[in-house]
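Trainee: Quick one, structure for this:
(one chain, ligands or ions: 2)
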Amino acid sequence: MGRHANVIKIVGEENFQKIRTSKILLIGAGGIGSELLKDLILISFGEIHLVDLDTIDLSNLNRQFLFRHNDIKKAKSDTAIKAVSHFSDSKLVSFFGNIMNTEQFPIHWFSNYDIIFNALDNLPARRYVNKISQFLGMPLMESGTSGFDGYIQPIIPSLTECFDCTKKETPKTFPVCTIRSTPNQPIHCIVWAKNFLFNQLFTNQQTENSDNEKSDGSEKDWGTTDEKEIERIKQETSELVDLQNIVIENNPNKIINILEKLFINDIEKLLLIENLWTNTNLNNKKPTPISRKIINQMTTKKDEQDPPIFKQLDKTWSIDEQILKFIKITQTLMNRLQTEKSIEFDKDDNDTLEFVVTAANIRSYIFGIQMKSIFDSKQLAGNIIPAIATTNAIIAGLSSLSSLRVLNLLKYAELKDGKFTDLNMAFTSKASNFSQDRYLTNPKLATPSCKCSVCSMVVRGILKVSTEKLKTLKLIDLITLLSKTYGYTLSISVIDTKDQRLLADFDFDDLYEKSLHDLQISDGSILFISDEEDENDMVRKSMELYIDVDKDSTATNLIELPKIDVPLITVVTEASKEDITKPEITKLTTSGDEAIVILDDTEEPHHVDNKRPISESDDKNDSVHKKVKKVADDDDDVIELD
Ligand SMILES: Nc1ncnc2c1ncn2[C@@H]1O[C@H](COP(=O)(O)OP(=O)(O)OP(=O)(O)O)[C@@H](O)[C@H]1O
Ligand SMILES: [Zn+2]
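Mentor: Ligands and ions are numbered 1, 2, ... in the order given. The predicted structure follows:
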């Protein structure tokens, strides 16, 4: 029996020929991606193109079965393709890069495929691909796992709900004051040690400075006008700079000063803020500073051999041991900083982990919170849910099989009245409310949510232009074209969604004569177009227009507007806007699921660099904003420290 016989039995000879000519885009070569690659090859799809931005890590090897020890540091996509090529009769192509990079993966590149499979691990990338699938009307097989839980969601634009139709769980948040002043759980101390202390001491400290002036000579914006508060912040900043200087100086005799500041002086200052401790409603537990005696004792032991307990990562060490380890590991990191310049926290970098865990435990001890072993803290600090290879295998299997339905390649899954009636999502285990007794449930796919800002509130289209035309097409020309083609009024507002820049609206025509190129509109830009109200409370539906620059075209006049209808709709009232499913605030997340966001309504937002690059398309362009000049950033009161 030939290798295709079983597939042909399931899909029939005719559909099998379609499978052989289908082109698949698989994004992500991690846990699910490795499994999917194997499954898609076994189905014998004609071409499979695999994209991943990462290289292989030691920690991937336990479940990403295509990778071996000597593949560490090699590109995942290329290595995965090489590992499977001996049993593949599909054409396989690998790409190393971020799928959100419009230079490498412009929208017309996506249109080469018949279907996209997401095997990603973060919300921004998932949302980005979801949007691309909506722009192109291309089916998307979305999937994800977390421990024993997993899901697949086939998405067929305009027929089924999209990835953003339902709210997604937001990253964990903590009020800054809890982290800074009144922790009551181990995680609060870990966040303090990891996001605040570690970053201040070891990551990019040269960007911090004690000056009260910005580089242009103007006074720094302290986020408050209260003189006392400014004095306090200045004092705190200068003390932190002192600590950073100790670290940069690499003087081991001064580690004691770090301990004294963090675990004695700062705590004594906190105790002076009386209302933190007297207000019984708050129920805050008073902290007790570490005694100078213990700090001095441990400091004298710093050059002695490690006690055996330091090897026991599953045991909770005593407070003396925590302090001793803190001193030793600070010394190690200070030495490393001499050559590395900046060190990032990484749960798999033992030095950084041990620093964070011991600092967190000393703080926990001070606040009467239970201390944790290195092992337990690692799970908290890395926000780790163990990845289960079997869950990935089940989900990949479901995703690849369901794609046959989505592509209408099963003998028994006919279209009825032009609709796919035979399509389901699938959830495993706890991921579903329906599955109390069953491991797998597969509810029918819902239709698009009418309140979803991604698939329902706007029409989407792709505007194709040549590089030359981009330079000559004035904003007013574009507005005129849009109004002629789709029935918009001439007073539409145009917003560049990358930075929410208003380019035009009914009382702002200053930029009309500028060309799109002059307005920094380029390949991958998305313009949000919305119209003024008509007489009868009717308005043209808003549009998101993706700018697809054909760099190969030498045509001076190439411009192709999307062939879409823009219906008249009833005006959305302010009240009903509240209900609209706005995608989460993904601009706040880092690599998606790992993010910890800290909420504080007293501070200015401030963003710290992320490990994984997040594209600027990162959902700032979610546009339920009608008739808004500068779209207000609802999230101004959110601080991201991770
Ligand atoms: N924007 C992106 N472009 C391309 N590939 C991406 C992007 N974002 C994430 N990925 C890739 O998607 C894959 C997700 O897979 P998965 O989460 O199983 O792997 P992992 O992150 O290596 O492991 P784990 O998260 O289970 O520790 C990763 O290989 C990651 O590099
Ligand atoms: Zn949607």
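
Trainee: could you pull out the helices for the stretch 1-150 of the chain?
Mentor: Secondary structure of the stretch 1-150 of the chain (DSSP state H, counting those that start in this stretch): helices located at 5-11, 13-21, 31-43, 76-84, 107-110, 123-136.

Trainee: The stretch 151-300 of the chain too?
Mentor: For the stretch 151-300 of the chain, the helices defined by DSSP H, counting those that start in this stretch cover 176-180, 186-191, 199-202, 227-249, 255-260, 266-272, 274-278, 292-300.

Trainee: cool, the stretch 451-600 of the chain as well?
Mentor: Counting by DSSP H, counting those that start in this stretch, the helices of the stretch 451-600 of the chain are 467-472, 475-486, 574-577.

Trainee: How about the residues of the stretch 51-200 of the chain by ligand 1?
Mentor: 51-54, 60, 76, 98-100, 120-122, 125 (CB under 6 Å from any ligand atom). (Glycine included, C-beta is placed from N, CA and C.)

Trainee: Out of the residues you listed, which sit inside strands?
Mentor: Among these, the residues falling in strands (DSSP state E) are 51, 52.

Trainee: Just want to check the distance between the residue lying closest to residue 16 once chain neighbours are set aside and residue 446.
Mentor: Nearest residue to residue 16, sequence neighbours excluded (CB to CB, 6 or more residues apart in numbering): residue 8, at 4.8 Å. As judged by CB to CB, to the nearest Å, residue 8 and residue 446 stand 33 Å apart.

Trainee: Would you mind telling me which of those two has more residues around it?
Mentor: Each of residue 8 and residue 446 has its neighbours counted (other CB atoms under 10 Å); residue 8 has more, 16 against 11.

Trainee: measure that one to residue 24 for me?
Mentor: Taking CB to CB, one finds residue 8 at 19 Å from residue 24.

Trainee: still on that earlier bit, what's the spacing between the residue nearest to residue 16 and residue 43?
Mentor: Computed as CB to CB, the residue 8 to residue 43 distance reads 11 Å.

Trainee: what does the stretch 101-250 of the chain put close to ligand 2?
Mentor: Taking CB under 5 Å from the ion as the measure of proximity, the stretch 101-250 of the chain contacts ligand 2 at 162, 164, 165.

Trainee: Buried residues in stretch 377-387, which are they?
Mentor: By neighbour count on 16 or more other CB atoms under 10 Å, the buried set for stretch 377-387 is 377, 378, 380, 381, 382, 383, 387.

Trainee: check the residues you listed against ligand 1, which are close?
Mentor: Among these, ligand 1 is touched by residue 387 when using CB under 6 Å from any ligand atom.

Trainee: from the residues of the stretch 51-200 of the chain next to ligand 1, which two are the most distant?
Mentor: 60 and 100 (21.4 Å; CB to CB).

Trainee: ok so, going back, buried members of the residues of the stretch 101-250 of the chain next to ligand 2 into ChimeraX, please.
Mentor: Buried members of these, defined by 16+ other CB under 10 Å, are picked up in ChimeraX with:
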select :162,164,165
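
Trainee: what's the closest of the residues of the stretch 101-250 of the chain next to ligand 2 to ligand 1?
Mentor: residue 164 (16.6 Å; CB to the nearest ligand atom).

Trainee: I figured the closest one was touching residue 127, is that so?
Mentor: Yes. Counting by CB atoms under 8 Å, residue 127 is a contact partner of residue 164 at 6.2 Å.

Trainee: so where's the stretch 351-500 of the chain uncertain?
Mentor: Flagging of the stretch 351-500 of the chain using pLDDT under 70 yields the residue ranges 383-384, 411-422, 429-438.

Trainee: Write out the residues of it neighbouring ligand 1.
Mentor: residue 387.

Trainee: Nearest to ligand 1: which residue in the stretch 351-500 of the chain?
Mentor: For the stretch 351-500 of the chain, CB to the nearest ligand atom, closest residue to ligand 1: residue 387, 3.7 Å.

Trainee: What residue in this protein comes nearest to ligand 1?
Mentor: For the chain, CB to the nearest ligand atom, closest residue to ligand 1: residue 30, 2.0 Å.

Trainee: Verify the contact between that residue and residue 119 for me.
Mentor: Yes. Applying CB under 8 Å, one finds residue 30 in contact with residue 119, separated by 6.6 Å.

Trainee: what sits up against stretch 332-342?
Mentor: Stretch 332-342 has contacts (CB atoms under 8 Å, 6 or more residues apart in numbering) with 201-206, 247-248, 250, 252, 255, 343, 351-352, 355.

Trainee: can you tell me which residues contact the spatially closest residue to residue 187 that is not a sequence neighbour?
Mentor: Excluding the flanking residues, the one nearest residue 187 by CB to CB, 6+ apart is residue 380, at 5.4 Å. Shown in contact with residue 380 (CB under 8 Å, 6+ apart): 186, 187, 190, 372.

Trainee: who wins for neighbours among these?
Mentor: Neighbour-wise, the contacts of residue 380 (other CB under 10 Å) top out at residue 190, 27 neighbours.

Trainee: any idea whether the nearest residue to that one once chain neighbours are set aside is helix, strand or coil?
Mentor: Closest residue to residue 190 apart from its sequence neighbours, by CB to CB, 6+ apart: residue 360 at 4.5 Å. For residue 360, the assignment made with DSSP: H, G, I helix; E, B strand; the rest coil gives helix.

Trainee: you'd agree residue 360 is up against residue 192?
Mentor: Yes. Under the criterion of CB under 8 Å, residue 360 lies in contact with residue 192, with a separation of 6.9 Å.

Trainee: Ramachandran coordinates for the residue lying closest to residue 485 once chain neighbours are set aside?
Mentor: Using CB to CB, 6+ apart and skipping residues adjacent in sequence, the residue nearest residue 485 is residue 561, 5.4 Å away. Main-chain torsions, residue 561, degrees, to the nearest 10: phi -80, psi 150.

Trainee: wouldn't residue 561 be in contact with residue 462 here?
Mentor: No. In this structure residue 561 lies outside contact range of residue 462 using CB under 8 Å: 9.1 Å.

Trainee: For those two, indicate the residue with more neighbours.
Mentor: For residue 561 versus residue 462, the count of surrounding residues by other CB under 10 Å is larger for residue 462: 20 against 17.

Trainee: In this structure that one contacts residue 135, no?
Mentor: Yes. In this structure, residue 462 is within contact of residue 135 by CB under 8 Å, at 6.0 Å.

Trainee: overlap in contacts of these two?
Mentor: By CB under 8 Å, 6+ apart, the residues touching both residue 462 and residue 135 are 107, 546.

Trainee: most packed of the helices of the stretch 151-300 of the chain?
Mentor: The highest average neighbour count among the helices of the stretch 151-300 of the chain, using mean count of other CB atoms under 10 Å, belongs to helix 186-191 at a mean of 24.

Trainee: Distance across stretch 490-510, terminal residue to terminal residue?
Mentor: End-to-end distance for stretch 490-510, by CA to CA, to the nearest Å: 14 Å.

Trainee: Report the buried residues of it.
Mentor: Neighbour counts over stretch 490-510 (16+ other CB under 10 Å) mark 492, 493, 494, 495, 496, 497, 498, 500, 502, 503, 504, 505 as buried.

Trainee: just curious, which of these is nearest to residue 131?
Mentor: residue 497 (10.5 Å).

Trainee: Which phi and psi values does the closest one adopt?
Mentor: phi -70, psi -10.

Trainee: was I right about it contacting residue 529?
Mentor: No. In terms of CB under 8 Å, residue 497 does not count as a neighbour of residue 529; the distance is 10.5 Å.
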